[in-house]
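# Fold the stuff below for me.
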Amino acid sequence: MSAVRRTALACAIATAFGAEATAQMMLAPLPPERPFDLDLQVKPGAPPVVVLPQAPIAASVVTTPGPAPTLAQPEHDDDEGPEWPQRTPGQTAEEPAFDPNEKPDRPGISTDPGTSIVCLPPVLKSILGKISDKYGAVKVTSTWRPPWRARRGSFHKRCEAMDFRVPGVRPRAVLEWVRTLPEVGGNKVYWNGLIHIDTGPRRPW
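This next block holds a predicted model:
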């Protein structure tokens, strides 16, 4: 065989093997792009984990506007804790408990131990003054409360609510008079005789 034919045969063989190798490389699966393979923790002997790339999100996505969001309503401050007295047999929420013979500690505004009215906003202090002027005395039992002792959304957490009672006076009668004040916001009388007022929207419950 001449040198020219041997050279041509060698070129043909190299070309054939090169084309086959190129075809095999084109058919081989590509490994997943990093960093997907960095998060794979494959146990010894376990089958390989195949990571499929997520489909791209279409750029022309048309969203239909939904209904307008509604503003969250303030939650009621029904913060009845275990330290409050329990209902007596037969007592209902419509019959708030009170002692008609209870005497005030002193005239004017007084507070329970550990309670302060210093943090109250001026509007609530003004309401306390009006209650004291009408009934002679008022006893404040709760103003600010720490988050772990107040419900979510409670005005007590911001010191914008107060619970109180008027010694010796029927609680519902006091609440009916308090509701005549235009600056009163949220208001309620609890079953244990305490009256709640806050700076939120005017709403009884």
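# Helix or strand with the lowest mean pLDDT in this structure?
helix 3-27 (a mean of 58; mean pLDDT, DSSP states H and E).
# helix or strand right after that one?
strand 108-111 (DSSP states H and E).
# so what does that following strand touch, helix or strand wise?
Counting contacts by 3 or more Cβ pairs under 8 Å, 6 or more residues apart in numbering; DSSP states H and E, strand 108-111 is packed against helix 122-135, strand 137-142. (Each C-beta comes from the backbone N, C-alpha and C, glycine too.)
# rerun that using 10 Å as the cut-off
helix 122-135, strand 137-142, strand 161-165 (3 or more Cβ pairs under 10 Å, 6 or more residues apart in numbering; DSSP states H and E).
# ok, residue 179 - contacts?
For residue 179, the contacting residues are 187, 197, 202, 204, by Cβ atoms under 10 Å, 6 or more residues apart in numbering.
# Just among these, which is most surrounded?
Neighbour tally across the contacts of residue 179 (other Cβ atoms under 10 Å): the maximum, 27 neighbours, falls on residue 197.
# my read: that residue touches residue 126, true?
No: Residue 197 lies out of contact with residue 126 (Cβ atoms under 10 Å); the separation is 11.2 Å.
# shared neighbours of those two, which are they?
Common contacts of residue 197 and residue 126 (Cβ under 10 Å, 6+ apart): 181, 183.
# Go through the contacts of residue 179 and say which is closest to residue 122.
The shortest approach to residue 122 among those belongs to residue 197, at 13.7 Å (Cβ to Cβ).
# any low-confidence regions in the chain?
Within the chain, the segments meeting pLDDT under 70 span 1-95, 205.
# and the gap between residue 126 and residue 181?
Here the criterion is Cβ to Cβ, to the nearest Å. By it, residue 126 lies 9 Å from residue 181.
# whoops, residue 201 was the one
As for residue 201, its distance to residue 181 is 15 Å (criterion: Cβ to Cβ).
# same question, residue 99
For residue 99, the distance to residue 181 - Cβ to Cβ - is 25 Å.
# With neighbour numbers in mind, choose between these two.
Taking other Cβ under 10 Å, residue 99 and residue 181 do not tie; residue 181 has more neighbours (14 against 10).
# who's in contact with the more buried one?
Contact analysis of residue 181 by Cβ under 10 Å, 6+ apart lists 123, 126-127, 130-131, 187, 197.
# just residue 133 next, same as before
Counted by Cβ under 10 Å, 6+ apart, residue 133 has contacts residue 108.
# okay, now the closest residue to residue 112 other than its chain neighbours: neighbour count?
Nearest non-adjacent residue to residue 112, counting by Cβ to Cβ, 6 or more residues apart in numbering: residue 141, 4.8 Å away. Applying other Cβ under 10 Å, we find 17 residues neighbouring residue 141.
# my guess is residue 141 contacts residue 116, does it?
No: checked against Cβ under 10 Å, the pair residue 141 and residue 116 is beyond contact range at 11.7 Å.
# Who are the contact partners of residue 118?
By Cβ under 10 Å, 6+ apart, residue 118 lies in contact with 111, 125, 143-144, 159.
# Surely residue 117 and residue 139 touch.
No: counting by Cβ under 10 Å, residue 117 stays clear of residue 139, with 11.2 Å between them.
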